[in-house]
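> my questions are about this predicted structure, shown below with the sequence.
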Amino acid sequence: MSGVAVIGAGYVGLTTATCLAHLGHTVICADIDEKKVDALNKGEVPIHETRLPELLRDGLSQQTLKFVVGARQAVTDSEFVFLCLPTPQSDDGRADISAISQVIEEIREIIPAGSTIVNKSTTPVGTNAAIQSLVRRGDVAVVSNPEFLREGVAVTDFLQPDRIVIGSTDPEAAQKVSGLYNAVDAPIITVDPLSAETIKYATNSFLATKVSFVNALAAVCEAVGADIESVIRGLGADQRIGSRFLQPGPGWGGSCFPKDMQALVRMADDAGYQFDLLRAVIEANEQQFARVVSKVERLVGDKLGGAKISLLGLTFKAHTDDLRNSPALEVAKLLSSEGARLIAYDPMVESNSGLPTEIELAQNIEQALTGSDAVVILTEWPEFTRANWGALRDFMNAPRVLDARNALDRRAMLDLGFQYDDLGRI
Ligand code: UDX
């Protein structure tokens, strides 16, 4: 088994380090945050990822995994150096790879001859070549190995992926990197670096297109009187389309889709192609936030000003605690700008710290619904689906529900006497 350094202990780096250790490699994971490194060496996981705590503790107890402060402490005995660094969106929409450049500058002289730098961060097409020119060492290969990890299920996505993509101009280096995944049962797709980097953006932008499409389709269903769930059953049965990732919602968000879409549009522009189709997907997503708000407005008889609106769900999707670019916060902003008073409950959000000041935080569903003029379901937490809505109705000032995740049983809610709306169902 191999000696592996993983630089960055965020969502991607921490999952990569623990899973590579689980696969039998000896891993040193480096981060600049000393507190985070100390906590990780004690087995404390700062993010919400199923199975990650167990894998972390296994790696620590078997001494196949440890955490250090700073990249230079991790690379001197490693055959592989994984880059799992943040590539945030710059003001102009382009991906900012300064964290990668900084780490390369820090380690380029001390990484062992014959080692391989493996870039797992989502980086603009062409970054592999840029890293090569920063490393400036003929005895160190640079390979792209993009990640396809969904938050909340990242361990499963790492250990049971649909495929492993490796981008390299050096067949031997590609072979060595694919060897790291020998214990993973998945096809390995080895291509040139530019194509590997493009596959990552292609995947996320196609997935975002599916979601924007199904949200627009739900609006069409409402207009023509069709039922979106029936339409999805027929649509998804087509093997060329598939039924996954066709769940209507308030729009897509998170730490990846929004930034990756902007980055791809900018990359295409810079390369001389106007990616209008992807611009339309982004625009459709913005429109979805506004569509949710206009539905709430209709529910309260066009009197949003001063209305008390309850938000159930703040995270960008269920089974994560991540608020980054959450559609729920986009909807909240629009509701607040219309004069609504907002109170919210999310099982994974305990403090207002990451929230806009206009959102009051409740500790449970009942508190959130007390005196409410309407409630909007924005994240598909099971707690909301399982709730006793017959009892909850009596907490509200008026029994009005906008189910922006199609999470509840429409017929049951209508039978309970709710004024109920959702996305495209009859
Ligand atoms: C995504 C990609 O799935 C992953 O491969 C990539 O590596 C990182 O970005 P993630 O950001 O965790 O993962 O979110 P994902 O589960 O893909 O959902 C993205 C957004 O689309 C969420 O806001 C989610 O609520 C929304 N969504 C997803 C829908 O509205 N409907 C769906 O059917 C699926």
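Everything's here; your move. Not measured: the values here are computed from a predicted model. Numbers count the residues shown, from 1 in each chain.

> unless I misread the structure, Val45 falls within a helix.
No - looking at Val45 with DSSP: H, G, I helix; E, B strand; the rest coil, it is coil, so not inside a helix.

> tally of neighbours for it?
16 (other Cβ atoms under 10 Å). (C-beta placed from N, C-alpha, C; glycine too.)

> from the chain's centroid, how far away is the stretch of helix or strand Glu360 belongs to?
Using DSSP states H and E, Glu360 sits within strand 359-361. Its chain's C-alpha centre and that of strand 359-361 lie 24 Å apart, by Cα atoms, centre = their mean, to the nearest Å.

> list, one by one, the residues from the stretch 101-250 of the chain near the ligand.
147-151, 204, 207, 211, 245-247, 249 (Cβ under 6 Å from any ligand atom).

> with adjacent residues omitted, what lies nearest to Asp403?
Asp422 (4.1 Å; Cβ to Cβ, 6 or more residues apart in numbering).

> and this structure, what are its domains?
According to automatic domain parsing, the chain comprises the domains 3-191, 225-426.

> residue contacts, the residue nearest to Asp403?
402-404, 406, 408, 410 (Cβ atoms under 8 Å, 6 or more residues apart in numbering).

> any idea how far it is from the ligand?
14 Å (Cβ to the nearest ligand atom, to the nearest Å).

> hmm, stretch 36-51 in reach of the ligand?
No - Stretch 36-51 does not reach the ligand (Cβ under 6 Å from any ligand atom); its nearest approach is 10.4 Å.

> what about the residue in the stretch 51-200 of the chain positioned nearest to the ligand, how many residues close to it?
Using Cβ to the nearest ligand atom, the closest approach of the stretch 51-200 of the chain to the ligand is made by Glu151 at 3.5 Å. Neighbourhood size, Glu151 [other Cβ under 10 Å]: 22.

> SS state for it?
Quick answer, by three-state DSSP: Glu151 is coil.

> what does it show for phi and psi?
phi -60, psi 140 (degrees, to the nearest 10).

> let me see the confidence value for it.
As predicted, Glu151 sits at a pLDDT of 96.

> what's near enough to touch it?
11, 48-49, 254-255, 317, 319-320, 322.

> any idea how far it lies from Leu83?
20 Å (Cβ to Cβ, to the nearest Å).

> again, but for Thr320
The value you get for Thr320 to Leu83, if Cβ to Cβ is used, is 23 Å.

> those two: which is more packed in?
Leu83 (29 against 23).

> looking at it, that one is touching Asn119, isn't it?
Yes - applying Cβ atoms under 8 Å, one finds Leu83 in contact with Asn119, separated by 4.8 Å.

> can you check the pLDDT for Met1?
Reported pLDDT for Met1: 63.

> er, Ser195 actually
So Ser195 comes in at 98 (pLDDT).

> dump the residue contacts of Arg150.
Asp157.

> ok, the helix or strand hosting Val375: who's next to it in the sheet?
Using DSSP H and E, Val375 maps to strand 374-377. According to DSSP bridges, strand 374-377 forms sheet pairs with strand 308-312 (parallel), strand 400-403 (parallel).

> name the residues that touch stretch 346-366?
48, 310-315, 320-321, 323, 328-329, 332-333, 336, 341-345, 368, 379, 381, 383-384, 387, 392, 395.

> filter these down to the buried ones.
In terms of neighbour count (16 or more other Cβ atoms under 10 Å), the buried residues within the contacts of stretch 346-366 are 310-315, 320-321, 323, 328-329, 332, 336, 341-345, 368, 379, 381, 384, 387, 392, 395.

> so which of the residues you listed are in strands?
310-312, 341-345 (DSSP state E).

> same list, these, but as TSV with distance to Val27 please.
Below are these laid out as TSV (distance: Cβ to Cβ, whole Å):
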residue	distance to Val27
Ser310	45
Leu311	40
Leu312	40
Arg341	49
Leu342	44
Ile343	44
Ala344	39
Tyr345	39
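
> ok, the strand holding Val375 near the ligand or not?
No - figure legend: strand 374-377 not in contact with the ligand (Cβ under 6 Å from any ligand atom); closest approach 12.3 Å.

> what is the mean pLDDT for that strand?
98.

> and what of stretch 334-352?
Mean predicted confidence for stretch 334-352 is 96.

> which SS class is Glu109?
Once three-state DSSP is applied, Glu109 turns out coil.

> quick one: residues contacting it.
Here Glu109 is in contact with no residue (Cβ under 8 Å, 6+ apart).

> tell me which stretches of the protein form strands.
With DSSP E as the criterion, the chain has strands spanning 3-7, 26-31, 65-69, 80-83, 116-119, 141-144, 164-167, 188-191, 308-312, 341-345, 359-361, 374-377, 400-403, 419-421.

> low pLDDT regions in the stretch 301-426 of the chain?
Applying pLDDT under 70 to the stretch 301-426 of the chain flags no residue at all.

> what residues does it have near the ligand?
Checking the stretch 301-426 of the chain against the ligand by Cβ under 6 Å from any ligand atom, the hits are 316-317, 327.

> would a markdown table of these with neighbour count and distance to Val224 be doable?
Formatted as a markdown table, those follow (neighbours: other Cβ atoms under 10 Å; distance: Cβ to Cβ, whole Å):
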| residue | neighbour count | distance to Val224 |
| --- | --- | --- |
| Phe316 | 28 | 30 |
| Lys317 | 22 | 29 |
| Pro327 | 26 | 25 |
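
> looking at the residues you listed, which is nearest the ligand?
For these, the nearest to the ligand is Lys317 (3.5 Å; Cβ to the nearest ligand atom).

> mind listing what's buried in stretch 73-89?
74-75, 78-87, 89.

> what do you get for stretch 32-41?
32, 36-37, 40.

> still on that earlier bit, now the two most distant members of the ones in strands among the buried ones among the contacts of stretch 346-366.
Leu312 and Arg341 (15.7 Å; Cβ to Cβ).

> okay, which residue is most central for this protein?
Gly254 (4.5 Å; Cα atoms, centre = their mean).

> right, I'll leave it there.
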